[in-house]
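A.B. asks: Kindly generate the corresponding structure for this input.
(chains A, B and C)
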Amino acid sequence: MAGILMRRLTGALPILLIVSLLTFGLIHMIPGDPAVAIAGMSATPEQIANIRHNLGLDEPLLTQLVRWYANLLQGELGTSLLLGQPVLHVVAVRLPVTLALSAYALVLTLLIGLISGILAALRQNTWIDQVAMVFAMLGISLPNFYLGLLMIILFAVDLRWLPTGGYVPLTSDPLGWLATSTMPAISLALLLAGLLARITRSTMLEVLRQDYIRTARAKGLPERRVVLKHALANAMIPITTVVGIIVSLLLSGSVVTETLFSIPGIGQLLTQAVLNRDYPMVQGGLLMTTALLVLVNIGVDVCYALLDPRVRYERG
Amino acid sequence: MSGGSVSNPTLRRLLHHRLFMLGCVLFGIVLVVAALAPVIAPVDPNKLAMRFKFRPPSQEFIFGTDNFGRSLWSRVIWGAQLSMIIGASVVVINAIAGTAIGAAAGYFARLDNMLMRVNDALMAFPAVLLAIAVTAVLGPSVNDVIIALAIVYTPRTARIVRSSVIVLREMEYVQAARAAGAGHWRILRRHILPNAMAPLIVQLSFLFAYAVLTEATLSFLGVGAVPPTPTWGNIMAEGRQYMTDAPWIITIPGAALMITVLGLNLLGDGLRDVLDPRLRVQQ
Amino acid sequence: MRPGLAATFGALATILTAAGAARAEPFKCPHIGGDLVFAQEANINTLDQMTSSTISTRNIAMNIYEALMTRDENNHPILELAEAMTEAPDHLTYTFKLRQGIKFHNGKPMTSADVVASFDRYAKVGNQRSTLDNVASWDAPDASTFVIHMKKVQPTFIEALSSFSVPIVIIPAENRDVPAQQLTNPIGTGPFQLVESVPGSFVKLKRYDDYKPNTTFQERTGFGGYKQACLDTVTFRIVTEPGARVAGLKTGELQAVEDIPAKSATDLKTDKNVVILPLKNWWIQIANPNTSAPPTDNPLIRKAIQAALDMDEVMDAASDGNYQLNVGFQYPNQPDYTDAGKETYNQHNAAVAKKYLTEANYQGEPVVLLTNKDYPSMYNSALVMQQQLQAVGINAQMKVVDWPTSVQMWLNSPQGWNFHFTGWGTQPALGALATMQFLVEPNASYKPKDGKDDPDVLAAWNDMNTQLTEQGRQEAFARMQKLVLERVYAIPFGSYTKLQAVRSNVNGFVPFRIPRMANVWLTH
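C.D. replies: Residues are numbered from 1 along each chain as shown, chains lettered A, B, ... in the order given. This next block holds a predicted model:
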């Protein structure tokens, strides 16, 4: 177990290196000047040039790359050009926002997805199954920004049950947080719940077909025990791998959702950073986000290994 | 019986699969509409007509008009064509590139490590952000969006092909073929790839849907194909500011998007149900 | 001839310093207290006003900071932290007498040492330090006097010194050596002080209890005047989505909003709880030609293009109906306004356009309109212009990129585009001098071939700067505007009206170049 963990962690390093190089190259290939974005609309060429100089943007690329890596090794991620604050600080402030929202969405996803998937599998081909799968299907076919827009119009503007956007931190006002996070979480969760429901259903069906289930049933074990102890436990293994995908999709989905609902999270931060050529933020922010994703995937792999003894002996 | 040919029982099963057929119908409608765009939407989707701005759907303007008086009917239909082109292109590129990379990685152990490192690095980026960055570099044309989406999704396809190839490589008939002296290429072509097709085909149909959805998301964020190109995402983005007054600018292309994705998902589901490799015992 | 800025200032200064006690009651807050949430369009990257030229920074920073001089409601220069200013007869020395009893937000009294330090810092890192190019030195003979010595006579110096584009705000002397953009804890002398700033989310200000209002005035005017902080706190919230701003205004979460889309205005007009406040002349919608790239290097082609344009249609699309037709580079309510060159404006004459095209032997070469999708007005105006040009047979094509790319192309690429779409906001508000700066070297906006400006235009510009009389400078500006319009070195489409809005319980909020939070109060 420790062996797998170590191997995975060391394997992650070259990935992160490639990611950081790719990011640096990519962001600097984008035409357009961050100084322009920072200087604002009515800026004169003199003002733009001054800003560019202040930010060290008129230095050769290689120098900038080397300096960035040197700082990175000292734990320094630089200062955001757009927000004027240290990248680390901004990410540290924004990341919990996205994490809280993602956690909320994840809980919704798991609840809705798992329960409907299991029910659908147990009551295969009944109306429960049909309804669940129709909803799941609609969930994965509805663009989440579309759903978000419709919800804003209905719940925020027309009914006034929820605010139109903005964010209240969980730590300062849990009820306010709930109010501002519910619509975004739902628009994120619906797609993923649909995905999870479908996968859960097919995995459960697969497992329920297995011999050992038939044996357990033949032995006269109560249905609930059959389901919970044998079927579900074995179904969890492939479902766990889906969790990794779901987390990655959550982060992707948060980009649009955060922009739409004006939530100051990582997704919105990085989008704005790319669009405004905020080099340090993109480089630092993307590196940290992908590091997080890689860690999550490693975690998933480890869980998978813990649950499925067969995997431990597979290569890599 | 050699693997790979779509046998009659499979085709029959597909045709009898109700949801698959529903998906085909839905997607088929979109496809046909997209192909017939020049015929059914002869009005230039970019033609401005300020006199007619913000007309709701009526007999004269079936889908209404937008803030420039442009016919939404035209825009949505030409948008369908764009979505189909983008989706199909991404799928084709992915099929070729993903299979090549995945097969190479799965079959040749020496290449696996290196290929998968880069693959995983690319997959580590959140999809939308990577797409944004690549389109920003390449430029905001339709072709560049296609390339960006292909880059984003190929790693996932490669992974799937690789998994299949790894498993198939160890199959007895492959070992037998190798022992008989067959070359790598022949083995891949005759024995491995055909049997790896099923999960790939399923993945590709979902990929079409992802491509269309992601493109709409990119356009919506303002980083996709550049306006006034009438992609569905662009139409919705431009209509966003008018959503309380002229909601049809958002609801109609959104519905079109949903129908397309729904059709593709049903299609993919049906394919997966029928082509499930566990039901096939092929040699 | 209408009085120019400096003359008006001179008159004002004499009147106000000599007037004495004959004045009405200064402004008193009808109600003290409350928190106002103001929704701002754009992010801020710094509150270090000296190093920033962005509107978003200025919105907040100019409620925190003050300067020696600033502009009033009609953009005339006025004194702010100084109570008197005398110009030496040889025009080479300006002596400022500072107001007494001014304290910084950290409790420290303001003295001339702080003013010297502020100027020192501005000269090093100020984003528009070229303002001080003609200044030889400055010093403080005593704690309440500050003197500026010029290298040579600059009749337009006071106008430049009072500019609010990148104002020389007065900061405590201990901040003198803080590097650019690293002044993260802004300490100023204004009616509000910083409480908290969360990047990308909000900035919170609170009333500065020891604020000393400028008793030379009775009311707030422009950036200065008699200011009082009636509100307890002001929260500037960053709300980049227009729909979110409108929705927040409707529900009351937001009490004031920097910008609402025109289409929402018609919907909000019926809402009794919301008041729409149009801000006229927010910017001049403009397209700058590239005179180094064919076919716009040919003056006849440019004249054809100019003749074909219907400015009403362009501005209507650009502003969703909230615009004014406007000749030239200043607005009618400004002292510098002139309609010289008006015969070139809004011709929408296809026949004349086609005549020019034939004369120029136009062969269908593409005319590329470089615009961006980040500013809808720029995008929309380009779209309409494209249609209008195509209608007279010009092969007009759009090149849509994003804002940073479009500016970079405009600045650095001599080829590949023929018209660059943008908006001139702060500069026309500052006056003719600041605006026409765009049309001369370096980086003249019409990209003259080989960087050699049109000599007639340059000559007029020089006169604008060096003529000793107000009349002389104004005449030079009229001459320059006429030349620019006749030779089509710029195509100003018209003036754009920005729509701001407040809840009906917000009083005293008058839209201006920045959202002024002083003299604003809430009722129930």
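A.B. asks: Validate this expectation: residue C:368 resides in a helix.
C.D. replies: No - using DSSP: H, G, I helix; E, B strand; the rest coil, the assignment for residue C:368 is strand, not a helix.
A.B. asks: Using just helix, strand and coil, how would you label the nearest residue to residue B:81 once chain neighbours are set aside?
C.D. replies: Nearest non-adjacent residue to residue B:81, counting by Cβ to Cβ, 6 or more residues apart in numbering or on different chains: residue B:34, 4.1 Å away. Every C-beta, even on glycine, is put in place using the N, C-alpha and C of the backbone. Secondary structure for residue B:34, judged by three-state DSSP, is helix.
A.B. asks: now residue B:34: how far from residue B:228?
C.D. replies: 18 Å (Cβ to Cβ, to the nearest Å).
A.B. asks: isn't residue A:136 right up against residue A:194?
C.D. replies: Yes - here residue A:136 reaches residue A:194: they are 4.0 Å apart, a contact under Cβ atoms under 8 Å.
A.B. asks: which neighbours do these two share?
C.D. replies: residue A:113 (Cβ atoms under 8 Å, 6 or more residues apart in numbering or on different chains).
A.B. asks: quick one, phi psi at residue C:347?
C.D. replies: Per-residue torsions, residue C:347: phi -70, psi -30 (degrees, to the nearest 10).
A.B. asks: which non-adjacent residue is nearest it?
C.D. replies: Excluding the flanking residues, the one nearest residue C:347 by Cβ to Cβ, 6+ apart is residue C:307, at 4.7 Å.
A.B. asks: Okay, and that neighbour sits in which element?
C.D. replies: Using DSSP states H and E, residue C:307 sits within helix C:299-308.
A.B. asks: For residue C:95, give me the backbone phi and psi.
C.D. replies: phi -110, psi 120.
A.B. asks: Then the one 4 residues further on?
C.D. replies: Here the main-chain torsion angles of residue C:99 (degrees, to the nearest 10) amount to phi -70, psi 150.
A.B. asks: list the contacts for it?
C.D. replies: C:81, C:82, C:83, C:212, C:214.
A.B. asks: Which positions in the stretch 51-200 of chain B make contact with chain C?
C.D. replies: B:67, B:68, B:136, B:139, B:140 (Cβ under 8 Å from any Cβ of the partner chain).
A.B. asks: okay, these in a markdown table with secondary structure next?
C.D. replies: Converted to a markdown table, these look like this (three-state DSSP):
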| residue | secondary structure |
| --- | --- |
| B:67 | coil |
| B:68 | coil |
| B:136 | helix |
| B:139 | coil |
| B:140 | coil |
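A.B. asks: near chain B, which residues of the stretch 1-150 of chain A show up?
C.D. replies: Checking the stretch 1-150 of chain A against chain B by Cβ under 8 Å from any Cβ, the hits are A:14-15, A:18-19, A:22-23, A:26-27, A:29-31, A:137-138, A:140-143, A:145-146, A:149.
A.B. asks: Among those, name the buried ones.
C.D. replies: Buried subset of the residues of the stretch 1-150 of chain A next to chain B (neighbour count, 16 or more other Cβ atoms under 10 Å in any protein chain shown): A:15, A:18-19, A:22-23, A:26-27, A:30-31, A:137-138, A:140-143, A:145-146, A:149.
A.B. asks: which phi and psi does the residue nearest to residue C:448 when sequence neighbours are not counted have?
C.D. replies: Excluding the flanking residues, the one nearest residue C:448 by Cβ to Cβ, 6+ apart is residue C:291, at 5.9 Å. Dihedral pair for residue C:291: phi -90, psi 10, per degrees, to the nearest 10.
A.B. asks: my guess is residue C:291 meets residue C:484, correct?
C.D. replies: No - counting by Cβ under 8 Å, residue C:291 sits too far from residue C:484 to count as a contact (11.5 Å).
A.B. asks: on that earlier part again, any idea how far residue B:235 is from the residue nearest to residue B:81?
C.D. replies: Counting by Cβ to Cβ, the gap from residue B:34 to residue B:235 is 15 Å.
A.B. asks: just residue B:87 next, same as before
C.D. replies: From residue B:87 to residue B:235 the distance is 17 Å (Cβ to Cβ).
A.B. asks: now residue B:74
C.D. replies: For residue B:74, the distance to residue B:235 - Cβ to Cβ - is 11 Å.
A.B. asks: neighbour count winner among the two?
C.D. replies: Ranked by neighbour count (other Cβ atoms under 10 Å in any protein chain shown), residue B:74 and residue B:235 place residue B:235 first, with 31 against 23.
A.B. asks: For my notes, confirm the more buried one occurs in a helix.
C.D. replies: Yes - counting by three-state DSSP, residue B:235 is found in a helix.
A.B. asks: Can you give me the buried ones in the worst-scoring helix or strand of chain A on mean pLDDT?
C.D. replies: Within chain A, confidence by mean pLDDT, DSSP states H and E is lowest for helix A:223-225 among all helices and strands, at a mean of 73. Residues of helix A:223-225 classed as buried by neighbour count (16+ other Cβ under 10 Å): none.
A.B. asks: ok, the residue nearest to residue B:81 to chain C distance?
C.D. replies: 24 Å (Cβ to the nearest Cβ, to the nearest Å).
A.B. asks: I figured that residue was touching residue B:77, is that so?
C.D. replies: Yes - shown here, residue B:34 and residue B:77 form a contact pair, counting by Cβ under 8 Å, at 7.4 Å.
A.B. asks: which of these two has more neighbours?
C.D. replies: Higher neighbour count among residue B:34 and residue B:77: residue B:77, with 25 against 20, using other Cβ under 10 Å.
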